[in-house]
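Asker: Need a 3D model of the sequence below.
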Amino acid sequence: MTSATQQDDRDFQRKASANQADLTANMKSTYDVIVCGAGASGSVVARRLAENPDVQVLLIEAGGSDDVEAVLNPALWPTNLGSERDWGFQAQPNPHLNGRALPMSMGKVLGGGSSVNVTVWARGHRNDWDFFAAEADDRGWSYDNVLNIYRRIENWQGTPDPIYRGTSGPVWVQPSADPSPVAHALLDAAREFGIPTFDNPNGQMMEGPGGAAITDVLVRDGRRQSLFRAYVAPLMDRPNLTVLTNTLVRRVILQGKRATGVELVRNGEIRTVNARTEVVLSLGAMQTPKVLLHSGIGDETELARVGIPVVEHLPGVGHNLQDHVSFGCTWEYKEPIAPRNSGSEATLYWKSRPELQAPDFLFCQVEFPVPSERTAALGVPEHGWTMFAGLAQPMSRGRLRLRSNDPLAPLQIDANMLSDPDDMVAAVRCVELCRELGNSDAFRPFVAREAMPGNLKGEALKDYVRDAAVTYWHQTCTAKMGRDAMSVVDGTLKVYGIEGLRIADGSIMPRVTTGNTQAPCAVIGERAAEMIRATHQL
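Answerer: A predicted model of the protein is given here:
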């Protein structure tokens with residue numbers, strides 16, 4: 001970056017900061033649209049609506065600023081876990097995981113998950129999007145249409161590929177820079193087992209059985225480029241976009257069956273802000289259903305249990321919780337190799353059975369040891385790498401419940417991982433394939449030994465799976481899009497039975513996408529904004 005560009009950037013930051021300070025100090029009582037949550041989807045919705053200078057947009061975020069080194073430096077992403085930038089959700093003890101209660105981190109900061117994740121840009125498989133389109137009965141969700149959206153929003157920095165990649169959008173996407181030799185070793189190992197490799201994981205690779213590739217990341221000049229930075233930050237100097245941080249949304253204000261605003265908590269004070277046209281919930285798969293329930297939208301039996309009057313009986317709110325579950329397998333280096341970039345530079349998707357149409361395994365290589373709290377007791381090498389061997393399409397489903405009618409009370413999260421027996425069958429095969437890859441000829445120049453799990457079989461291997469299981473932090477699907485009785489939103493993301501209320505985040509997914517969820521959440525935001533603008537001619 002040249003000195004002139006740096007000066008221009010500093011000047012813009014000063015102007016934007018002064019503008020936001022003025023807008024938040026002089027908040028309006030009413031906005032055209034209120035977007036709740038400045039994460040991977042909400043940032044997109046707010047940007048697209050605020051591009052029209054005649055539309056007054058309020059973007060509300062429970063967390064604080066993203067202008068901290070732990071966010072901006074991709075290598076420091078683990079330090080955000082358990083920090084003030086983490087919601088700190090905790091699942092209930094799970095009998096299918098030997099009674100373990102997993103932490104389920106989610107971003108609580110401008111940018112949401114896109115500010116605390118591993119920066120990976122993974123679009124999802126063709127089958128994911130075509131499944132969404134079938135569930136919604138709307139071809140706008142189909143893979144072919146979504147591919148057009150991805151081309152439009154990307155600013156792709158890799159090998160030119162006009163069929164799959166775009167170069168004029170707001171989202172800076174690049175291959176991991178100068179990947180570690182162990183990242184290249186994963187691709188070589190894949191070839192040993194007949195798994196194809198690709199120039200990048202976001203083109204042809206996600207249209208068939210899978211493959212391996214160096215990861216695409218949202219990193220520019222070594223700094224994280226979150227979706228908040230890509231979409232909202234460039235508009236922070238505008239008078240029609242107000243970004244409110246450290247503000248918790250308690251519930252949606254309803255007049256009859258119409259959303260008219262939100263009740264929020266800011267600086268310890270409860271207040272109401274009105275919306276002329278719509279309220280958009282982009283709070284993520286935990287907080288979005290929580291706010292719906294506290295607003296009287298959900299299963300009538302559950303609402304009655306905690307004393308919340310029912311406005312709209314939608315039994316699917318909080319059901320269908322999905323997440324990618326992974327099982328870390330670790331190898332010790334012969335000689336230490338320092339992690340590069342975010343420490344996760346290679347990925348592999350493959351099938352557990354030849355007859356499957358799409359991959360159901362997700363492997364993310366991590367260039368340092370990542371044990372669970374249980375497997376750490378087995379002995380972790382000082383220098384090593386981990387293969388996150390995960391289920392890309394788990395069959396198990398969890399559920400969220402309110403503990404009380406207090407909006408500040410934590411949720412009861414029954415993640416229910418590995419509750420479906422098919423997931424254990426797949427998990428065992430997943431770990432077996434992981435071990436085959438890690439013990440292949442490709443890794444021998446770098447590896448001294450397999451640290452865990454070792455050559456376990458039968459019940460011993462299943463027990464390892466239960467003890468090793470951790471979340472990929474891809475919690476989704478708790479307010480799903482569809483047309484059945486358990487659906488919460490229709491194909492336009494409108495909440496059934498309620499006017500002026502939409503959901504735009506990972507909770508609307510009918511099933512979790514194949515791979516990291518950041519990129520699909522950007523598409524959900526783009527689709528939501530497109531439909532809001534069309535409805536209200538904004």
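
Asker: Tell me which strands the longest strand along the chain pairs with, and in which orientation.
Answerer: The residue-count maximum for a strand in the chain (DSSP state E) belongs to strand 269-281. According to DSSP bridges, strand 269-281 forms sheet pairs with strand 30-36 (parallel), strand 258-266 (antiparallel), strand 501-503 (parallel).

Asker: sec struct for the nearest residue to E367 once chain neighbours are set aside, please.
Answerer: Once flanking residues are discounted, E367 sits nearest to P339: 3.9 Å by Cβ to Cβ, 6 or more residues apart in numbering. (Glycine included, C-beta is placed from N, CA and C.) Classification of P339 by DSSP: H, G, I helix; E, B strand; the rest coil places it in coil.

Asker: Of the strands paired with strand 269-281, which is nearest P520?
Answerer: strand 501-503 (14.2 Å; Cβ to Cβ).

Asker: what is the rounded mean pLDDT of the closest one?
Answerer: Taken as a whole, strand 501-503 has a mean pLDDT of 98.

Asker: can you dump the C-alpha coordinates of the very next helix or strand once past it into PDB?
Answerer: Remark: after strand 501-503, the chain's next helix or strand is helix 518-536, criterion DSSP states H and E. Extracted as PDB, the C-alpha positions of helix 518-536 are listed here (Å, rounded to 0.1, in the frame of the first residue of the first chain):
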ATOM      1  CA  GLN A 518     -19.000 -18.000   5.800                       C
ATOM      2  CA  ALA A 519     -19.400 -17.900   2.000                       C
ATOM      3  CA  PRO A 520     -23.000 -19.400   1.900                       C
ATOM      4  CA  CYS A 521     -24.000 -16.800   4.600                       C
ATOM      5  CA  ALA A 522     -22.800 -14.000   2.200                       C
ATOM      6  CA  VAL A 523     -25.100 -15.400  -0.500                       C
ATOM      7  CA  ILE A 524     -28.000 -15.600   2.000                       C
ATOM      8  CA  GLY A 525     -27.400 -11.900   2.700                       C
ATOM      9  CA  GLU A 526     -27.300 -11.000  -1.000                       C
ATOM     10  CA  ARG A 527     -30.500 -12.900  -1.700                       C
ATOM     11  CA  ALA A 528     -32.300 -11.300   1.300                       C
ATOM     12  CA  ALA A 529     -31.300  -7.800   0.300                       C
ATOM     13  CA  GLU A 530     -32.300  -8.500  -3.300                       C
ATOM     14  CA  MET A 531     -35.800  -9.600  -2.200                       C
ATOM     15  CA  ILE A 532     -36.300  -6.700   0.300                       C
ATOM     16  CA  ARG A 533     -35.400  -4.200  -2.400                       C
ATOM     17  CA  ALA A 534     -37.800  -5.800  -4.800                       C
ATOM     18  CA  THR A 535     -40.600  -6.000  -2.300                       C
ATOM     19  CA  HIS A 536     -40.400  -2.300  -1.300                       C
END
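
Asker: quick one, longest helix in the protein?
Answerer: Taking DSSP state H as the criterion, the chain has its longest helix at helix 3-25.

Asker: and it, what does it pack onto?
Answerer: Applying 3 or more Cβ pairs under 8 Å, 6 or more residues apart in numbering; DSSP states H and E, we find helix 3-25 packed against strand 241-244.

Asker: what does the strand it packs on contact?
Answerer: Residues outside strand 241-244 that contact it (Cβ atoms under 8 Å, 6 or more residues apart in numbering): 20, 23-24, 27-28, 31, 38, 46, 50, 56-61, 110, 232, 235-236, 266.

Asker: residues of stretch 26-42 that come out buried?
Answerer: Neighbour-count burial for stretch 26-42, counted by 16 or more other Cβ atoms under 10 Å, picks out Y31, D32, V33, I34, V35, C36, G37, A38, G39, A40, S41, G42.

Asker: Can I get the residues you listed in JSON lines including pLDDT and distance to V182?
Answerer: Formatted as JSON lines, the buried residues of stretch 26-42 follow (pLDDT from 0 to 100; distance: Cβ to Cβ, whole Å):
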{"residue": "Y31", "pLDDT": "98", "distance to V182": "49"}
{"residue": "D32", "pLDDT": "98", "distance to V182": "50"}
{"residue": "V33", "pLDDT": "98", "distance to V182": "46"}
{"residue": "I34", "pLDDT": "98", "distance to V182": "46"}
{"residue": "V35", "pLDDT": "98", "distance to V182": "41"}
{"residue": "C36", "pLDDT": "98", "distance to V182": "41"}
{"residue": "G37", "pLDDT": "98", "distance to V182": "36"}
{"residue": "A38", "pLDDT": "98", "distance to V182": "35"}
{"residue": "G39", "pLDDT": "98", "distance to V182": "31"}
{"residue": "A40", "pLDDT": "98", "distance to V182": "29"}
{"residue": "S41", "pLDDT": "98", "distance to V182": "33"}
{"residue": "G42", "pLDDT": "98", "distance to V182": "36"}
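
Asker: Any chance of the strands paired with strand 269-281 in TSV with distance to G458 as columns?
Answerer: Shown next, in TSV, are these (distance: least, Cβ to Cβ, whole Å):
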stretch	distance to G458
strand 30-36	48
strand 258-266	52
strand 501-503	44
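
Asker: closest to D221 out of those strands?
Answerer: That would be strand 30-36 among the strands paired with strand 269-281, by Cβ to Cβ, at 28.9 Å.

Asker: Can you name the residues that contact Y472?
Answerer: Contacts of Y472 by Cβ under 8 Å, 6+ apart are D323, H324, V325, S326, L362, C364, F388, G390, N516.

Asker: Please, where are all the helices along the protein?
Answerer: 3-25, 42-50, 69-72, 126-136, 143-153, 181-192, 227-231, 284-294, 300-306, 421-438, 458-468, 518-536.

Asker: how much does the first one deviate in direction from strand 258-266?
Answerer: If you take axes from the mean of the first three to the mean of the last three Cα atoms, to 10 degrees, helix 3-25 sits at 100 degrees to strand 258-266.

Asker: okay, helix 3-25 in PDB with CA atoms only?
Answerer: The C-alpha trace of helix 3-25 is given here as PDB (Å, rounded to 0.1, in the frame of the first residue of the first chain):
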ATOM      1  CA  SER A   3       1.800   6.200   1.400                       C
ATOM      2  CA  ALA A   4      -0.800   8.200  -0.500                       C
ATOM      3  CA  THR A   5      -3.200   5.300  -0.300                       C
ATOM      4  CA  GLN A   6      -2.500   4.900   3.400                       C
ATOM      5  CA  GLN A   7      -3.200   8.600   4.000                       C
ATOM      6  CA  ASP A   8      -6.500   8.400   2.100                       C
ATOM      7  CA  ASP A   9      -7.400   5.400   4.200                       C
ATOM      8  CA  ARG A  10      -6.700   7.300   7.500                       C
ATOM      9  CA  ASP A  11      -8.700  10.200   6.300                       C
ATOM     10  CA  PHE A  12     -11.600   8.000   5.500                       C
ATOM     11  CA  GLN A  13     -11.400   6.300   8.800                       C
ATOM     12  CA  ARG A  14     -11.500   9.600  10.600                       C
ATOM     13  CA  LYS A  15     -14.500  10.700   8.600                       C
ATOM     14  CA  ALA A  16     -16.300   7.500   9.100                       C
ATOM     15  CA  SER A  17     -15.600   7.400  12.900                       C
ATOM     16  CA  ALA A  18     -16.900  11.000  13.300                       C
ATOM     17  CA  ASN A  19     -20.000  10.200  11.200                       C
ATOM     18  CA  GLN A  20     -20.800   7.100  13.200                       C
ATOM     19  CA  ALA A  21     -20.200   8.900  16.500                       C
ATOM     20  CA  ASP A  22     -22.700  11.600  15.400                       C
ATOM     21  CA  LEU A  23     -25.300   9.000  14.100                       C
ATOM     22  CA  THR A  24     -25.200   6.900  17.300                       C
ATOM     23  CA  ALA A  25     -25.300  10.000  19.600                       C
END
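
Asker: pLDDT (mean, whole number) over that helix?
Answerer: 90.

Asker: Name the helix or strand of the chain that has the lowest mean pLDDT.
Answerer: Counting by mean pLDDT, DSSP states H and E, the weakest-scoring helix or strand in the chain turns out to be helix 3-25, with a mean of 90.

Asker: Before I go, just wanted to say thanks for your time.
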